[in-house]
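K.L.:
Need coordinates for the below:
(chains A and B)
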Amino acid sequence: MSSTSVQVDPDSGVVRRTRSGGRPSYRWSAKGFVAPGVFIVAGLLYLPFLWTTFLSFTRYRGLGSPEWIGLDNYVAMFSDPALLTSLRNTAFWVVGTIAVPVGIGLLIAVLTYNMRFGAWFRLPFLIPYAISGVAVGVIWSFILQSGGALSQAMDTFGLPGADSRWLLDAPLNTFVMIGAAAWQASGVNALLFVIGLQSIPKEPVEAARVDGASGWTMFRHILWPMLRPLTTVVVGLSIVASLKTFDVVWVMTQGGPGRSSETLAITMYRETFVQSEYGLGGAVSVFLTVVTLTASIAYLRRQLSERKAL
Amino acid sequence: MKHTRMLAIAGLAGALALSACGGGDDGNGSSDDGGPGTNGTVADSGTLKFYTDKAAWEPQFDQVSAASEDQIGFDLDFTGYSDADTYSAFIKQSFRTAEKPTLFTWHTGDALAELVDEGMVASTGDLWAEAIANGDVPEDLQQYYTYNGDQYCVPLNVAYWVLYYNKHVFADHGLEPPQTWDDLMHIAETLADEGIPAFYQTNILFSFVWFQTLLAGSDPDLYEALGTGEASYTDPGVVAVMEQWGDMIEAGYFSDPGLADDPQVLLNNGDLAMLNFGTFFTGSLNALDMTSGEDYDFFVIPNVNPDLPQTSLIVETGPLCAAEEADDRAEAVAYMDWWLGADAQTEWANARGDVSFNPNAEIRDERLADLGEEANAGDIRLIERYFEATPQPVLTAALDGFGAFVTNPGDPMPILENIQAEADAYWANQ
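P.N.:
Have a look, this model is predicted:
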């Protein structure tokens, strides 16, 4: 049986509780409790991923047995001109998602975090986050369809471009869909930035204020550097979310017209479930996984190494 | 020991979690609800599991299910999907499990051939022979259900593709249903001059509709040859049809292809005058309280080429299938036998507000009843809908291509060459 003893560090006065004779049993029971989670993750994530990777080297239409065809699916994927469009659109989504919802979220946070009733100003931006991506797509389809609410409003105010075909012409359709996604995501980014701003210690801010810093100078030299850990998280999450963009695009254009607004995730879905080419869909999903992991790891490594250097 | 006990509890929790994920299947999909087919015997009543991608048709299926329970003792346990792709993946995956889909709807053509090749669906040759012999099913329909000389599945429905029109819009502009293609173009021109799009079109899914109409009405042999790989999408006849289609779009005959509103709402509002759709669309219009013959009507689309001996009429038929290895296959086949009969078809067609494949069914809507008779007359040539007549990979490329074309009409050759490349790849493997 294990027992717990209390020791007081004579130098610092810190109280430490230590367990004697209990470490091995603690480790074993910890493993026992972790095991179900590990089995579930392995069963529902790693095994399907290995199966998908296997399928990517086969020809398989969802019936019968997969037929091994080596790298043919990868050759077909990289020789399809639509993949280039898909990659270009995915790049637009990554850049757009970092620039717009993260940028707007930061702006909202900085303008409101110190403001009286700031939470009430942020609330309208946060509400769309409670809506599913599919609902966002449906709502914005009606706003952005040709002759829809946006065009009618622009027409009423005599603004140029009222006859724009927002969802029909590429790459305009991708840009407006990034806007629709930004409408949903900006609020939560603002919330995260506010948490970051509120956790900044008061002393350096006060010190800077005494030295005469305010406005842009305060933000550029004090707040922004101290927000760095949170920015890393928000941008990292945005990169991953944008690389797997699916729901808004699928609902609004299904990647069309003529595959012009496809993203990699749409290509994966289309090959797998529309074309029933599970092997080719598997190849796209492996490629998408590699792209997402590479981008995430590269970004986090860079950020973390820069933090260490600071 | 305490840690052993904790390990055992944790292990048990894991085992329970995994068994919950596995979903304890007893290998008999119907046993829980007292359904038929247990122990190899053929039941004479019970509930049959039924899956479809026509989730919106649930009320009508419920109505027929109540009728079948009264008449033959079987009702349907309805599961509807509203997304065709998800449904297709679900059905295919279910064949890999112990719980095969007892009864399910599918698509004829390449999609059904795929299931037949894998031995997944029950043969229905005897049902077809009997139904044709007693006049319940026209013999012409059998070709869409015949693979390697045997029949599989039975028709769930048939629908003829016609032009629905808003009678008030026609009356307001002094227009009458056309007798010839030139009449139709005159109507479109008149409406375009008034700023009303004559026809509906979309760049998603149904982007093929006007390609199908124009080609089947110009050269039906070429249309059918495309579906069998005997003709090329770059054939001059196909190119000419695409150019004609482009000219019609440029002339303002079509609605914007990116409209998100339901087409029946657009027709009801008079935002457009005509809709090229299957007769199942009658149900959608009736649901808006539009009255057949008063608010809307339809006509068979005249041939583009007036010299053709018969008028091309697009027909669509969707199958009702039974899984070959379902425990209650015999009961499912008995249900399909009932489905082909006049009683079931009268119930079904009137519930849906559609025509029936069974000439003995009594269709209450007079216009639909007339169309059913007209379709089986000698001056009509029934042409299989493009969606079923085209192999899946070619269809997907074509839908994308046509979607791009209706959005930005221009030179059709790059689009046709792209579709033909898919067709070449597909037919090379057959």
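
K.L.:
dump the residue contacts of the nearest residue to A:Ala295 once chain neighbours are set aside.
P.N.:
The shortest distance from A:Ala295 to any residue other than its chain neighbours is 5.6 Å, reached at A:Ile239 (C-beta to C-beta, 6 or more residues apart in numbering or on different chains). The C-beta positions use only the backbone N, C-alpha and C, and glycine is treated the same way. Counting by C-beta atoms under 8 Å, 6 or more residues apart in numbering or on different chains, A:Ile239 makes contact with A:94, A:97-98, A:295-296, A:299.

K.L.:
Pull out the buried members of the residues you listed.
P.N.:
A:94, A:97, A:295 (16 or more other C-beta atoms under 10 Å in any protein chain shown).

K.L.:
What strand or helix carries the last one?
P.N.:
If I follow you right, that is A:Ala295. Using DSSP states H and E, A:Ala295 maps to helix A:278-309.

K.L.:
for the second one, same thing?
P.N.:
Element membership of A:Thr97, judged by DSSP H and E, is helix A:81-97.

K.L.:
could you say what helices and strands that helix packs with?
P.N.:
Under the contact definition 3 or more C-beta pairs under 8 Å, 6 or more residues apart in numbering or on different chains; DSSP states H and E, helix A:81-97 sits against helix A:172-198, helix A:228-243, helix A:264-269.

K.L.:
Now render those as CSV, adding mean pLDDT.
P.N.:
Putting the helices and strands packed on helix A:81-97 into CSV (pLDDT from 0 to 100) gives the following:
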stretch, mean pLDDT
helix A:172-198, 93
helix A:228-243, 90
helix A:264-269, 96
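
K.L.:
B:Val355: which of those helices is closest?
P.N.:
Nearest to B:Val355 among the helices and strands packed on helix A:81-97 is helix A:264-269 (35.0 Å), distances taken as C-beta to C-beta.

K.L.:
Residues contacting that closest one, please?
P.N.:
A:82-83, A:86-87, A:90, A:243-246, A:249-250, A:254-255, A:281, A:284-285, A:287-288, A:291, B:85.

K.L.:
Check stretch B:109-129 too.
P.N.:
A:61, A:63-64, B:88, B:95, B:106, B:137, B:142, B:144-145, B:147-148, B:150-154, B:319, B:321-326, B:329, B:332-333, B:336-337, B:340, B:384, B:387-392, B:395.

K.L.:
so what's residue 71 closest to, chain neighbours aside?
P.N.:
By default, I'm working from chain A. In space, A:Leu71 is closest to A:Phe57, 7.1 Å off (C-beta to C-beta, 6+ apart).

K.L.:
you looked at the wrong chain, it should be chain B
P.N.:
Closest residue to B:Gln71 apart from its sequence neighbours, by C-beta to C-beta, 6+ apart: B:Asp343 at 6.4 Å.

K.L.:
The one you found contacts B:Ile72, correct?
P.N.:
No. B:Asp343 lies out of contact with B:Ile72 (C-beta atoms under 8 Å); the separation is 9.6 Å.

K.L.:
quick revisit: format the contacts of A:Ile239 as JSON lines; extra columns: pLDDT.
P.N.:
Below are the contacts of A:Ile239 laid out as JSON lines (pLDDT from 0 to 100):
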{"residue": "A:Val94", "pLDDT": "95"}
{"residue": "A:Thr97", "pLDDT": "92"}
{"residue": "A:Ile98", "pLDDT": "90"}
{"residue": "A:Ala295", "pLDDT": "92"}
{"residue": "A:Ser296", "pLDDT": "90"}
{"residue": "A:Tyr299", "pLDDT": "89"}
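
K.L.:
Any chance of the backbone angles for B:Thr282?
P.N.:
Per-residue torsions, B:Thr282: phi -50, psi -40 (degrees, to the nearest 10).

K.L.:
Would you write out the PyMOL command that picks the buried residues out of the contacts of helix A:264-269?
P.N.:
In PyMOL, this line selects whichever of those come out buried by 16+ other C-beta under 10 Å:
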select buried, (chain A and resi 82+83+86+87+90+243+244+245+249+250+254+255+281+284+285+287+288+291) or (chain B and resi 85)
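
K.L.:
Enumerate every residue touching the closest residue to B:Glu176 other than its chain neighbours.
P.N.:
Distances taken as C-beta to C-beta, 6+ apart put B:Phe170 closest to B:Glu176, at 7.2 Å, once the chain neighbours are dropped. Residues in contact with B:Phe170 (C-beta under 8 Å, 6+ apart) are B:176-177, B:187, B:273.

K.L.:
now the helix or strand where B:Phe170 lies, how far from the centre of its chain.
P.N.:
In the assignment (DSSP H and E), B:Phe170 maps to helix B:167-172. Its chain's C-alpha centre and that of helix B:167-172 lie 30 Å apart, by C-alpha atoms, centre = their mean, to the nearest Å.

K.L.:
What's the first helix or strand after that helix?
P.N.:
helix B:181-193.

K.L.:
Show me which residues of that next one are buried.
P.N.:
B:181, B:184-185, B:187-188, B:191-192.

K.L.:
Thanks a lot, catch you later.
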